[in-house]
Structure formats: structure tokens, C-alpha cells
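J.: can you look at this prediction? I've put the sequence above it.
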Amino acid sequence: MMASMDVSAQVSDEHSAARGHCDVELTHGLIITQDTIRIVDNNQTRVQINQGNQLLVRGQWIELDAKETEILEQYNQMIRDTVPELVELATDGVNISLSAIENVVTGLSDKEPEVLKAQLQYVEQALRNKFKRGDDFFYIAPQSLSKLDDFFAEEVSKKIHTAIQGSLGAMLIALGDALESREGNIEERISDVGTRMEIITAEIDKSLQKKAEQLALKSEEYCNCLNMLDTTESKLQKLVPELADFDLVKIKSEM
């Protein structure tokens with residue numbers, strides 16, 4: 001009745017060849033708005049860049065000379081050239097998939113089943129913990145950027161699969177209630193539910209696999225960009241020692 005949601009096996013071999021040549025990790029969270037970049041730790045802003053050329057560390061204004069300002073502007077631009085695109089790619093389309101699951105049960109019950117609501121909230125929270133995007137900001141949590149494809153191919157896939165399995169129980173209860181009250185042709189409704197579930201599950205499967213593949217293909221590009229960002233960050237830390245405690249980019253290993 002239901003197509004498999006386990007996409008990790010389908011994309012694992014393809015991704016291993018597309019991972020790039022380094023393992024890049026963000027060691028702090030980043031919040032990017034039109035005018036500022038904030039490096040955060042435990043919900044506290046540790047470093048803030050205003051207008052691309054003004055620097056605050058632990059809330060203290062840092063006076064910069066022309067050379068230091070030039071490196072800071074490069075650092076600011078490199079972050080802006082990489083992170084927002086990554087957040088957009090990671091978040092785009094996921095909410096549509098979650099809404100599609102909800103739509104499957106529309107008409108089968110007077111209200112959204114609590115088990116489905118709870119499971120979808122769990123999926124949404126897992127995403128929000130890693131990525132957030134608003135009208136005027138982007139957020140990315142500390143994490144490995146070399147394994148984002150695994151996050152979607154494995155973790156998100158499993159959570160959505162659990163949500164669908166949970167919703168099936170609610171659907172059967174709804175159909176049982178309809179049977180007791182003799183509402184319509186139950187055999188037809190069960191067949192319709194099965195067909196709808198197969199279609200929507202296959203589409204979600206396809207969507208998650210595509211996203212995982214997109215992130216895998218981007219990984220080498222991000223690796224190169226973040227290697228350059230790491231180099232620029234090191235230059236800036238030598239010029240501004242106050243930044244040494246807030247090493248944003250960590251290259252864990254090279255392959």
C-alpha cells in the first residue's frame with residue numbers, strides 16, 4: 001500500500017563520490033540579516049558585523065584600520081555568498097511535503113489527528129534546530145556542512161516516514177467510525193486512501209531524494225568556498241586577536 005520512504009540506500013553510493021575533498025564544520029551558529037552578521041553561541045551574540053565593515057566582539061567595539069576593514073569586508077561577503085543559499089536549499093520545499101501529508105487525511109476526520117500533528121511538529125522542530133529562514137533573516141546552527149545530504153536522506157526521511165505511519169492509524173480509526181455510521185462506500189474509501197497514500201509517499205520520497213542529491217552536488221562547491229572563508233578568517237584572527245576564541249569554520253580533515 002505504501003511506497004518506501006528509506007531513500008538513504010538509494011543515494012548513499014552516489015553521495016560518497018560527490019562529498020568533496022574535506023569535512024567542513026560550522027562551530028557556531030550564524031544569523032544573517034540585511035545589515036548584520038551575528039556569530040552566536042548558546043543564544044548569545046559573540047561576534048557582530050555591522051554593514052560589512054564594523055566589528056563588535058563580546059559587545060565591545062573593535063577599532064579597525066584600513067587593512068583590517070578590507071579583510072573583514074571579504075569575510076562578511078564570503079559568508080553572505082554561501083550561507084543564505086545553503087539555508088534556502090535546505091529549507092525549500094520541505095514545508096510543502098509536510099502540508100501534503102496533512103492533506104492526505106483531509107476529509108477523513110473532522111479534525112487533524114493528534115498523532116499526525118505531533119509527528120509533523122517533531123519533523124518541523126528538527127529542521128528549525130538546524131535551519132531557519134524568515135522574510136529578513138537566515139539562521140544556520142553549528143553542524144557539519146559536509147553531511148547535509150545525510151540529514152535529509154536519513155534523519156528527515158525517517159521522521160516523515162514515522163509521521164505517515166502514525167497518520168495511518170488515525171485514518172483507520174476515521175474509516176472505522178465511518179463504517180459504523182455507514183457513511184458512503186467504505187471499500188471505495190479504503191481504496192482511495194491507499195492510492196492517495198502511495199502517490200503522496202512516492203512524491204515525498206522523490207522530493208527528499210532530489211534534495212539530498214542537490215546538497216551532495218553542492219558539497220564540493222561549499223567545501224571550496226568554506227576553505228577560502230577559513231583562510232580569510234585566519235587572516236582576520238591574526239589581525240584582530242579578539243576573534244581567536246570564535247573560530248567559525250573548522251576544516252576537520254581532507255581526503
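T.: Now that the structure is in, tell me what you want to look at.
J.: mind listing what's buried in the helix or strand I31 falls within?
T.: In the assignment (DSSP states H and E), I31 maps to strand 29-33. Neighbour-count burial for strand 29-33 flags 29-32 (criterion: 16 or more other Cβ atoms under 10 Å). For glycine as for every other residue, the C-beta is placed from the backbone atoms N, C-alpha and C.
J.: any idea which helix or strand comes after it?
T.: Once the chain leaves strand 29-33, the next helix or strand it forms, by DSSP H and E, is strand 36-41.
J.: give the pairing partners of that next one; include direction for each.
T.: Its sheet considered, strand 36-41 pairs with strand 29-33 (antiparallel), strand 44-50 (antiparallel) by DSSP bridges.
J.: closest to L127 among the buried residues of strand 29-33?
T.: Proximity of the buried residues of strand 29-33 to L127 (Cβ to Cβ) peaks at G29, which lies at 14.7 Å.
J.: closest one to M228 among the strands paired with strand 36-41?
T.: M228 lies closest, by Cβ to Cβ, to one member of the strands paired with strand 36-41: strand 29-33, at 16.5 Å.
J.: okay, that closest one in PDB with CA atoms only?
T.: Output of strand 29-33 as PDB, limited to C-alpha atoms (Å, rounded to 0.1, in the frame of the first residue of the first chain):
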ATOM      1  CA  GLY A  29      25.500  29.400  14.800                       C
ATOM      2  CA  LEU A  30      25.100  32.200  12.300                       C
ATOM      3  CA  ILE A  31      22.300  34.800  11.900                       C
ATOM      4  CA  ILE A  32      22.400  36.900   8.800                       C
ATOM      5  CA  THR A  33      20.200  39.900   8.100                       C
END
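J.: where in the stretch 101-250 of the chain is pLDDT low?
T.: Applying pLDDT under 70 to the stretch 101-250 of the chain flags the ranges 101-116, 164-194, 196-197, 200-201, 219.
J.: where along it do the helices fall?
T.: 114-128, 148-150, 157-180, 186-239 (DSSP state H, counting those that start in this stretch).
J.: quick check, pLDDT for T36.
T.: Looking at T36, its pLDDT reads 98.
J.: okay, R38 and K206: tell me how far apart.
T.: 36 Å (Cβ to Cβ, to the nearest Å).
J.: out of the two, which sits in the busier spot?
T.: More crowded of R38 and K206, by other Cβ atoms under 10 Å: R38, with 20 against 12.
J.: so T27 touches D247, yeah?
T.: Yes. The criterion here is Cβ atoms under 8 Å, and T27 meets it with D247 at 6.0 Å.
J.: buried stuff in stretch 120-128?
T.: By 16+ other Cβ under 10 Å, the buried positions in stretch 120-128 come out as 120, 123, 127.
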